[in-house]
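Student: Need the 3D shape of this:
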Amino acid sequence: MRLIGFIRCAAALLLVAAGASRAGEADSSRTEASVRSYFWAAGIKGDVGVGTVSAPVDVDFLDYAEDLQGALLLQAEVRRGRWSLAMDAIWLQLSDDAGTPGPFLSTIDIQLDTVILSIAPAYRVLNMDRLTADVLVGARYMDMRQKLEFTPDFAAVDTISEQVVETTADRLSSAVGTAVDDAKDDIVDALNPFDGNLAGQAGDAIARLDVDVNPRALDEIVARGGGFSGEGLADAERRFASAVREAMAERAERLIDQLSPADKLKREAVEHAIRRAANESVDELKRNVSDRKRDALRAAEQALASGVEAGMTRAADEDVVLSRDWVDPFVGVRAAVGLTDRLHALVYGDIGGFGVGSDLTWQAFCGVSWTLNERVSFEAGYRHLDIDYDHDNFLFDAAMSGGAVGVTFNL
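Tutor: Next up, the predicted model:
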């Protein structure tokens, strides 16, 4: 679809140029039109990414030329007096392997489909025999599609999973323990010391506590260079927190049961027992609770580990595809210096984006032009285009630069 749109745009540029040339032939004011086809041996360097996954790209033209799936580049211009309208159209489709964004992946293949359409009215501020200069104010339309194909590093997935599960388990058990410790005064206030099952009352109160789990295992994965795909990780965290709370409730019951009858009537002794249960680690709880609670803790821990590992593996096996299009306003200048009657030096530069589309975009060209005759000329030089776009889970912060050669036809 992008190629079809590009061809339509290119055809429109040709028709505009040809139409303007014919109109000039019938008008006393001379109208000039030209079309330029060129080849740009551009390398790409920067960062690209989709969602939480990004990768550095540093590929010169010779490296990716064999993977270049398509390229069309065309410029057209219509001039009348000091005013002109300049148009530039680029379509590139390429793929290449890139460095992995972290230990989670072994390889990443990036496929990039890009359409760039620029249009800018220009005004000639200098029109001397050997020197001309124009100022331009225009807009550049960008349409980019990125496809990232991942190959997971299963050893790294196992390592990261273990790290995430350990960190998450410690965080959740600490959160539950803090909630129990903070609630101990209210729990003791609600106890009936003359009830024969004081420990059971305390255990029931702890088991009913509403603990704010605040699932963050996904953040832990991303911080270690991984990704995640699928539902259920937050539920696995809540299940683990619930199992820890149930184990703490049983542990508090056991500690209160171990108190003497006189100590059970002492507020400080009961609070101390609850605090001890709240401060025990998961491993300590496993040693100090019943087989049923221990099995529930282990099952919840295993479910958390399985959820993390399965989600990371799915993320690695899935292709990520995302498209974005935007418009960048820009301002620019260009100049030509006559070195001889046939040879001219050319310079061009523009800057834009300004947060409207890209945060910043700029380009520059420096080269020479040699005139064969009044209809045909050849150009060669170096072109650099820099784009910094990072919005809506789509990152393209990269520069395309390299030598360019072209031929211009005056219509």
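Student: Parallel or antiparallel, which strands does whatever helix or strand Trp326 lives in pair with?
Tutor: If you go by DSSP states H and E, Trp326 is part of strand 320-338. Partners of strand 320-338 in the sheet, by DSSP bridges, are strand 131-152 (antiparallel), strand 343-352 (antiparallel).
Student: Out of those, which gets the lowest mean score?
Tutor: Mean pLDDT across these is lowest at strand 131-152; the value there is a mean of 90.
Student: in the very next helix or strand once past it, what counts as buried?
Tutor: Downstream of strand 131-152, the next assigned helix or strand under DSSP H and E is helix 154-190. Neighbour counts over helix 154-190 (16 or more other Cβ atoms under 10 Å) mark 156-157, 160-161, 163-165, 168-169, 171-173, 175-177, 179-181, 183-184, 187-188 as buried. Placement of C-beta: from N, CA and C, glycine included.
Student: Please apply the same query to stretch 30-50.
Tutor: 31-36, 38, 40, 42-44, 46-50.
Student: Could I get the CA-only coordinates of it as PDB?
Tutor: The C-alpha atoms that make up stretch 30-50 are tabulated as PDB, following Å, rounded to 0.1, in the frame of the first residue of the first chain:
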ATOM      1  CA  ARG A  30       8.600  32.100 -18.200                       C
ATOM      2  CA  THR A  31       7.700  29.000 -16.100                       C
ATOM      3  CA  GLU A  32      10.400  26.400 -15.500                       C
ATOM      4  CA  ALA A  33       9.900  22.900 -14.400                       C
ATOM      5  CA  SER A  34      12.300  20.100 -13.700                       C
ATOM      6  CA  VAL A  35      12.300  16.500 -12.500                       C
ATOM      7  CA  ARG A  36      15.200  14.800 -10.800                       C
ATOM      8  CA  SER A  37      15.700  11.100 -10.200                       C
ATOM      9  CA  TYR A  38      18.500  10.200  -7.900                       C
ATOM     10  CA  PHE A  39      20.200   7.400  -6.000                       C
ATOM     11  CA  TRP A  40      21.000   7.800  -2.300                       C
ATOM     12  CA  ALA A  41      23.500   5.300  -0.700                       C
ATOM     13  CA  ALA A  42      22.400   6.100   2.800                       C
ATOM     14  CA  GLY A  43      23.400   4.300   5.900                       C
ATOM     15  CA  ILE A  44      21.300   4.300   9.100                       C
ATOM     16  CA  LYS A  45      22.500   4.900  12.600                       C
ATOM     17  CA  GLY A  46      20.400   5.500  15.800                       C
ATOM     18  CA  ASP A  47      17.700   3.800  17.800                       C
ATOM     19  CA  VAL A  48      14.400   2.300  16.700                       C
ATOM     20  CA  GLY A  49      11.800   0.600  18.800                       C
ATOM     21  CA  VAL A  50       8.200  -0.400  19.400                       C
END
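Student: what bridges to the residue nearest to Gly332 when sequence neighbours are not counted?
Tutor: Computed as Cβ to Cβ, 6 or more residues apart in numbering, the closest residue to Gly332 that is not its neighbour in sequence is Asp350, at 2.9 Å. Note on Asp350: beta-bridge partners Gly332, Gln363, judged by DSSP bridges.
Student: How much space separates Asp350 from Gly406?
Tutor: Between Asp350 and Gly406 the computed distance is 18 Å (Cβ to Cβ, to the nearest Å).
Student: neighbour-wise, which of these two wins?
Tutor: Asp350 (22 against 19; other Cβ atoms under 10 Å).
Student: That one against Leu360, yeah?
Tutor: No - contact criterion Cβ atoms under 8 Å: Asp350 and Leu360 do not qualify, at 11.6 Å.
Student: where does the stretch 151-300 of the chain dip in pLDDT?
Tutor: 152, 218, 220-232 (pLDDT under 70).
Student: could you redo the last one with a cut-off of 80?
Tutor: 151-161, 193-196, 213-233 (pLDDT under 80).
Student: what's the spacing between stretch 372-385 and its chain's center?
Tutor: 37 Å (Cα atoms, centre = their mean, to the nearest Å).
Student: meant to ask about stretch 34-49, not that
Tutor: With Cα atoms, centre = their mean, you get 22 Å for stretch 34-49.
Student: same thing with stretch 211-219?
Tutor: The answer for stretch 211-219 is 23 Å, by Cα atoms, centre = their mean.
Student: same thing with stretch 258-275?
Tutor: 55 Å.
Student: in that stretch, what's buried?
Tutor: Quick answer for stretch 258-275 (16+ other Cβ under 10 Å): 259, 264, 270-274.
Student: what's that stretch in contact with?
Tutor: With contact meaning Cβ atoms under 8 Å, 6 or more residues apart in numbering, stretch 258-275 is reached by 180-181, 184-185, 187-188, 191, 193, 198, 202, 206, 252, 255-256.
Student: Where does confidence bottom out across the buried residues of stretch 30-50?
Tutor: Among the buried residues of stretch 30-50, pLDDT bottoms out at Val50, giving 79.
Student: Hmm, that residue is touching Asp319, no?
Tutor: No - counting by Cβ under 8 Å, Val50 does not reach Asp319; the two are 9.9 Å apart.
Student: Around Arg375, how many other residues sit close by?
Tutor: So Arg375, with other Cβ under 10 Å, has 11 neighbours.
Student: The chain should start at 25 in everything you say after this.
Tutor: Got it, the first residue is 25 from now on, which makes the last one we talked about Arg399.
Student: Now it: phi and psi?
Tutor: phi -100, psi -30 (degrees, to the nearest 10).
Student: so how far is stretch 171-180 off the chain centroid?
Tutor: For stretch 171-180, the distance to the chain centre is 16 Å (Cα atoms, centre = their mean).
Student: What distance separates the opening and closing residues of it?
Tutor: 23 Å (Cα to Cα, to the nearest Å).
Student: domain assignment for the protein?
Tutor: For the chain, the structural domains run 26-176+363-434, 178-341, going by automatic domain parsing.
Student: For those domains, give me a markdown table that also has distance to Val355.
Tutor: Putting those into a markdown table (distance: least, Cβ to Cβ, whole Å) gives the following:
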| stretch | distance to Val355 |
| --- | --- |
| domain 26-176+363-434 | 5 |
| domain 178-341 | 38 |
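Student: anything in contact with each of Val74 and Asp343?
Tutor: Joint contacts of Val74 and Asp343 (Cβ under 8 Å, 6+ apart) are Leu172.
Student: For the stretch 275-424 of the chain, just list every one of the strands.
Tutor: Taking DSSP state E, counting those that start in this stretch to define them, one finds strands in the stretch 275-424 of the chain at 344-362, 367-376, 384-395, 400-415, 418-434.
Student: Thanks a lot, see you next time.
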